[in-house]
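>>> Task: produce atomic coordinates for the following.
(one chain, ligands or ions: 2)
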Amino acid sequence: MSAAEGPLVVGVDTSTQSTKALVVDAATGRVVASGQAPHTVTSGAGRESDPRQWWDALTEALRQCGQAAHEAAAVSIGGQQHGLVALDAHGEPVRPALLWNDVRSAPQAHRLTEELGGAKFWAERTGSVPAASFTVTKWAWLAEHEPEAVRATKAVRLPHDYLTERLTGQGTTDRGDASGTGWWASGTEAYDEEILAHVGLDPALLPRVVRPGEVAGTVREDHGLPFSKGTLVACGTGDNAAAALGLGVRPGTPVMSLGTSGTVYAVSRRRPADPTGIVAGFADACGDWLPLACTLNCTLAVDRVATLLGLDREAVEPGAGVTLLPFLDGERTPNLPSASGLLHGLRHDTTGGQLLQAAYDGAVHSLLGALDRVVDEDADPSAPLLLIGGGARGTAWQQTVRRLSGRPVQVPEARELVALGAAAQAAGLLTGEDPAAVARRWDTAAGPVLEAVERDEETLARITGVLSDAAPLLEHGTDTA
Ligand SMILES: Nc1ncnc2c1ncn2[C@@H]1O[C@H](COP(=O)(O)OP(=O)(O)O)[C@@H](O)[C@H]1O
Ligand SMILES: O=C(CO)[C@@H](O)[C@H](O)COP(=O)(O)O
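Numbering: from 1, shown residues only. Ligands and ions are numbered 1, 2, ... in the order given. All right, here's what the predicted structure looks like:
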């Protein structure tokens, strides 16, 4: 491999299932080395991970990067949004982190929305109506169920903040990830003291919100990672904001990410405030906005159906009129936290492959239902949909999105767009450039475009009909958790 043309930077994605690290040539965007190590997430009623595992996974992912990681001139860490990391006075977790896909705080989300002025208040104040994913609802859940953990908490962090702080020794976050907490006011771009007081969280426990382009800190001594003391550390951001950065998208270009979560989003110049709660009004990592809708059931749910059927994930067959709503983890879009999976239309001649296709269709239907809401009204409806995340590598996912969206679908060749976005932040610190401009210079969105096909309205209407007819079952859920 030829020598790098510019300084090396490291970008990290600490996502739900694993931590991925890339060493990137800041001049060209070429990935010089990469590493990945898994995390475990609890199953059962909640979804929790020990934050110390993320650090161990980061250490292992960087070890796999070899010598190149030692040469990094700047580092940035992006990661899964919303998770509640509660630390004691020594920076140790007082309990495992409550993750974005843990729906136990659904009653607190409902209660907080009602107690503080309703959905419109929250949407205007924070950009979003809190669902069970939002950190504020997790803090309220913890206060109710584990008051001793709340009493022991001396610092509250998001997943990417936790790792950045272990690297720099400074408690920092950024506007992108702060906007997913539910206690950051999107109008003033500051912590919302009224909401914090309402949930009994002292603002002094929260990290400083670093401005886009500002240095979050430098690597401290004795951190155990391959970086030299004094290496620049960028602020990082939430994974969706990092991927938007990593693609260098401009307003009007929609993105669909297929990973543990499914998301659809677009960059916007207008601050979102959707009182229906379908669109979360996140900030992006630059200074614009990132209206986004997120599902809890995406690649893991469809892979689970394939496993149950004993099929390879690509073994889909078309047709049959069977509907599968793959809400194995409850759901956030539509907002059905107590729901479970639902199958309708099963016949003697339905094949396993058709059932599997129905699971893909159900997962993609939820995301496409929100697509028009996240893209600005004046955006070109025929612009390609950028498809990213682990699922984007699968033919069945690509073809399902193409058929149900009726849009051209572009699949970037670059694999780890969250880590690339973080790398672009790190590169921006060195060159003084806007990180989105860095990503555009790196041409990270380049990849084949699958031409548009006629939209499969029949399937979309059938799924919408089942969702509506099954509403009471989906709202009340089952008691087996
Ligand atoms: N070739 C592939 N085809 C379809 N799905 C894939 C493929 N490779 C990985 N995946 C899916 O990607 C998922 C992981 O995606 P990723 O975006 O890395 O997740 P996360 O960032 O949420 O941890 C896995 O659950 C797996 O199902
Ligand atoms: O909750 C959201 C967005 O609001 C999720 O998108 C999480 O940020 C988790 O991301 P992945 O691990 O699936 O990338």
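
>>> burial count for the closest residue to ligand 1 within the chain?
Per C-beta to the nearest ligand atom, residue 390 is where the chain lies closest to ligand 1, at 2.1 Å. Glycine gets a C-beta too; all of them are placed from N, C-alpha and C. For residue 390, the neighbour count with other C-beta atoms under 10 Å is 20.

>>> What residues does it make contact with?
By C-beta atoms under 8 Å, 6 or more residues apart in numbering, the residues touching residue 390 are 258, 259, 299.

>>> any idea of the pLDDT on it?
At residue 390, the pLDDT value in this model is 96.

>>> try the one 4 residues further on
In this model, residue 394 is scored at 98, pLDDT.

>>> Does it touch residue 313 like I think?
Yes. Between residue 394 and residue 313 there is a contact under C-beta atoms under 8 Å: 6.2 Å.

>>> Around ligand 2, which positions in the stretch 351-481 of the chain sit nearby?
With C-beta under 6 Å from any ligand atom as the criterion, the stretch 351-481 of the chain does not meet ligand 2 at any residue.

>>> what do you get for the chain?
By C-beta under 6 Å from any ligand atom, the residues of the chain that approach ligand 2 are 15-16, 80-82, 100, 133, 180, 238-240, 259-261, 263, 280, 294.

>>> can you rerun that using 8 Å?
Contacts of the chain with ligand 2, taken as C-beta under 8 Å from any ligand atom, map to 13, 15-17, 79-82, 99-101, 133, 180, 238-240, 257, 259-263, 280, 282, 292, 294, 298, 332, 389, 418.

>>> Show the buried residues in those residues.
13, 15-17, 79-82, 99-101, 133, 180, 238-240, 257, 259-263, 280, 282, 292, 294, 298, 332, 389, 418 (16 or more other C-beta atoms under 10 Å).

>>> Now intersect the residues you listed with the helices, please.
Within these, residues falling in helices by DSSP state H are 239, 240, 418.

>>> excluding its backbone neighbours, what's nearest the first one?
Excluding the flanking residues, the one nearest residue 239 by C-beta to C-beta, 6 or more residues apart in numbering is residue 418, at 4.6 Å.

>>> Distance of the residue of the chain positioned farthest from its centre relative to residue 320?
Relative to the centre of the chain, and counting by C-alpha atoms, centre = their mean, the farthest-placed residue is residue 348 at 39.2 Å. The gap separating residue 348 from residue 320 is 11 Å, by C-beta to C-beta, to the nearest Å.

>>> same check, this time on residue 19
Counting by C-beta to C-beta, the gap from residue 19 to residue 320 is 40 Å.

>>> the more surrounded of the two?
Neighbour count, other C-beta under 10 Å: between residue 19 and residue 320, residue 19 has more, with 28 against 17.

>>> pretty sure the more buried one contacts residue 61?
Yes. In this structure, residue 19 is within contact of residue 61 by C-beta under 8 Å, at 5.0 Å.

>>> Output the contacts of residue 390 in CSV; the columns should cover pLDDT.
Output for the contacts of residue 390, formatted as CSV (pLDDT from 0 to 100):
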residue, pLDDT
258, 98
259, 96
299, 98
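
>>> now those in TSV, with distance to ligand 1?
Rendered in TSV, the data for the contacts of residue 390 read as follows (distance: C-beta to the nearest ligand atom, whole Å):
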residue	distance to ligand 1
258	7
259	3
299	3
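
>>> Kindly indicate which of the residues you listed lies nearest ligand 2.
Looking across these and measuring by C-beta to the nearest ligand atom, the closest to ligand 2 is residue 259, at 3.8 Å.

>>> Tell me who's in contact with the closest residue to that closest one other than its chain neighbours.
Spatial nearest neighbour of residue 259, chain neighbours left out: residue 389 (3.8 Å); criterion: C-beta to C-beta, 6+ apart. Contacts of residue 389 were listed using C-beta under 8 Å, 6+ apart, and they are 257, 258, 259, 298, 299.

>>> rewinding a little: quick check: phi and psi at the residue farthest from the centre of the chain.
Main-chain dihedrals, residue 348, degrees, to the nearest 10: phi -60, psi -40.

>>> quick one: contacts for it?
For residue 348, no contacting residues are found, by C-beta under 8 Å, 6+ apart.

>>> That one and ligand 2, how far apart?
37 Å (C-beta to the nearest ligand atom, to the nearest Å).

>>> ok, now residue 170?
As judged by C-beta to the nearest ligand atom, residue 170 and ligand 2 stand 23 Å apart.

>>> Might one say that that residue is in contact with residue 214?
No. Counting by C-beta under 8 Å, residue 170 does not reach residue 214; the two are 11.8 Å apart.

>>> where does the protein have low pLDDT?
Residues of the chain that meet the criterion pLDDT under 70 lie in 1-2, 478-481.

>>> again, only this time at 80
For the chain, applying pLDDT under 80 flags the ranges 1-2, 223, 320, 477-481.

>>> Go through it and flag its longest helix.
The chain, longest helix under DSSP H: helix 352-374.

>>> Return the member of the contacts of residue 390 nearest to residue 199.
For the contacts of residue 390, the minimum distance to residue 199 (C-beta to C-beta) is 29.1 Å, reached by residue 259.

>>> Contact partners for the closest one?
15, 16, 17, 298, 299, 389, 390, 391.

>>> Check the residues you listed against residue 340 and report the nearest one.
Comparing these against residue 340 with C-beta to C-beta picks out residue 298 as the nearest, at 16.1 Å.

>>> Report the separation between the closest residue in space to the closest one that isn't next to it in sequence and residue 172.
The shortest distance from residue 298 to any residue other than its chain neighbours is 3.5 Å, reached at residue 262 (C-beta to C-beta, 6+ apart). Residue 262 sits 29 Å away from residue 172, going by C-beta to C-beta.
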